[in-house]
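> sequence and predicted structure, then a few things I'm wondering about:
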Amino acid sequence: MSESVQSGVRPGNGVRSGDDVHEHHGGFPVFTPVQAGPNYGEFVESLRRLQDLAVSTHLPDDVVDDAIARVNALSDMLEPHRVSEGKSPAGFNRQLPGRGSLLLLPWLFEKVEVDGIRSRGVFRLFHRGGNSAAHGGTIGLLFDDMLGMIVYASGHPIARTAYLHVNYRQVTPLETELVLEGRVDRVEGRKLFCTAELRDLDGTVLADCEALMIELLPGQP
Ligand SMILES: CCCCCCCC(=O)SCCNC(=O)CCNC(=O)[C@H](O)C(C)(C)COP(=O)(O)OP(=O)(O)OC[C@H]1O[C@@H](n2cnc3c(N)ncnc32)[C@H](O)[C@@H]1OP(=O)(O)O
């Protein structure tokens with residue numbers, strides 16, 4: 001199996017590899033996954049805590065001013081280390097919540113197989129939509145990110161989401177462990193029809209989705 005991937009996601013051991021076809025479809029550059037250092041996960045989690053606090057505090061003006069100065073100092077420290085897409089560990093490290101990406105939900109994959117995917121995690125305070133429920137857009141993000149992984153693990157070439165239909169069945173709680181499962185249901189040429197469900201630990205479906213993923217043609221971005 002090649003060590004290079006295009007999307008930054010890789011199937012687990014024993015999974016039929018999509019690498020061969022994956023690397024020769026679409027207009028994606030081939031990235032070599034960047035391994036996170038030992039403290040990178042803690043760094044990303046610290047930033048998530050900062051985001052939680054940013055949306056759940058009411059700060060006096062002098063504290064806001066101090067926070068601006070400190071955050072700017074932190075950004076100035078990081079700025080010289082800016083790299084192009086594919087050169088950062090963010091998003092490439094499946095052993096970390098959200099693969100080490102600050103954009104993605106901080107969930108962990110616990111099953112990545114040809115026949116489907118399962119992941120587990122919580123919605124954070126900074127994912128709040130209203131009345132202690134997860135924002136619907138963050139649920140769409142959770143589903144959409146999983147779809148890319150489903151396609152890859154199932155051995156199909158890299159694909160993009162043509163549509164994603166989300167059904168919000170129940171209010172989705174914050175800071176509560178939940179489970180997500182999804183798979184490719186059927187294939188028609190380049191069209192991969194996928195479904196996924198978000199459940200609480202009692203098995204109640206909170207949201208589900210149906211999506212069309214379309215395998216990219218050579219050169220498609
Ligand atoms: C990190 C690596 C990526 C991982 C992806 C993770 C998921 C994502 O977030 S992707 C980001 C969101 N999605 C996008 O940005 C996609 C933007 N759209 C596109 O790029 C294009 O529309 C694309 C590639 C999906 C399809 O374009 P194209 O290759 O020209 O397909 P096209 O020939 O029009 O259609 C192919 C088939 O799909 C059907 N189809 C296309 N779009 C739709 C749609 N929205 N609904 C229903 N059917 C559709 C067509 O009718 C056609 O069917 P048939 O073959 O039976 O006639």
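Yep, it's here.

> C-alpha from now on. contacts and neighbour counts both.
OK.

> quick check: next helix or strand after the worst-scoring helix or strand of the chain on mean pLDDT?
The weakest-scoring helix or strand in the chain, judged by mean pLDDT, DSSP states H and E, is helix 19-22 (a mean of 55). Per DSSP states H and E, helix 19-22 leads on to helix 40-56 as the next helix or strand towards the C-terminus.

> what about that next one, average pLDDT?
The average pLDDT within helix 40-56 is 98.

> which positions in this structure make contact with the ligand?
Contact residues (C-alpha under 6 Å from any ligand atom) of the chain with the ligand: 7, 144-145, 147-148, 159-163, 214, 216.

> buried among the residues you listed? Make that a PyMOL selection.
Selection of buried members from the residues of the chain next to the ligand for PyMOL, criterion 16 or more other C-alpha atoms under 10 Å:
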select buried, resi 7+144+147+148+159+160+161+214+216
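
> how about the residues of the chain next to the ligand in TSV, adding pLDDT, distance to residue 87 and secondary structure?
Formatted as TSV, the residues of the chain next to the ligand follow (pLDDT from 0 to 100; distance: C-alpha to C-alpha, whole Å; DSSP: H, G, I helix; E, B strand; the rest coil):
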residue	pLDDT	distance to residue 87	secondary structure
7	40	12	coil
144	98	23	helix
145	97	20	helix
147	97	23	helix
148	95	20	helix
159	95	22	strand
160	96	22	strand
161	98	24	strand
162	98	27	strand
163	98	29	strand
214	97	26	strand
216	93	23	coil
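
> how about the residues of the chain next to the ligand, which pair is most distant?
Farthest apart among those by C-alpha to C-alpha are 7 and 163. That separation is 19.1 Å.

> and the residue located most distally from the centre of the chain, how far from residue 73?
Note on the chain: the largest C-alpha distance from the chain mean falls to residue 62, namely 35.7 Å (C-alpha atoms, centre = their mean). In this structure, residue 62 lies at 17 Å from residue 73, with C-alpha to C-alpha, to the nearest Å as the measure.

> quick one: the strands in this protein, in order.
For the chain, the strands defined by DSSP state E occupy 108-113, 116-121, 128-130, 133-134, 159-168, 178-188, 191-200, 205-215.

> can you list the buried residues in the third one?
Within strand 128-130, the residues that qualify as buried by neighbour count (16+ other C-alpha under 10 Å) are residue 128.

> who does the closest residue to residue 212 other than its chain neighbours form a beta bridge with?
For residue 212, ignoring the flanking residues on the chain, the nearest one in space by C-alpha to C-alpha, 6 or more residues apart in numbering is residue 193 at 4.8 Å. Residues in a beta bridge with residue 193, per DSSP bridges, are residue 186, residue 212.

> near residue 31, how many other residues are there?
Neighbourhood size, residue 31 [other C-alpha atoms under 10 Å]: 17.

> can I assume it is in contact with residue 86?
Yes. Between residue 31 and residue 86 there is a contact at 5.6 Å, judged by C-alpha atoms under 8 Å.

> from what I can see residue 220 touches residue 29, true?
No. Using C-alpha under 8 Å as the test, residue 220 is too far from residue 29 to be in contact (11.1 Å).

> who's more crowded, these two?
The residue with more neighbours, out of residue 220 and residue 29, is residue 29; 16 against 12, by other C-alpha under 10 Å.

> right, I'll call it a day here.
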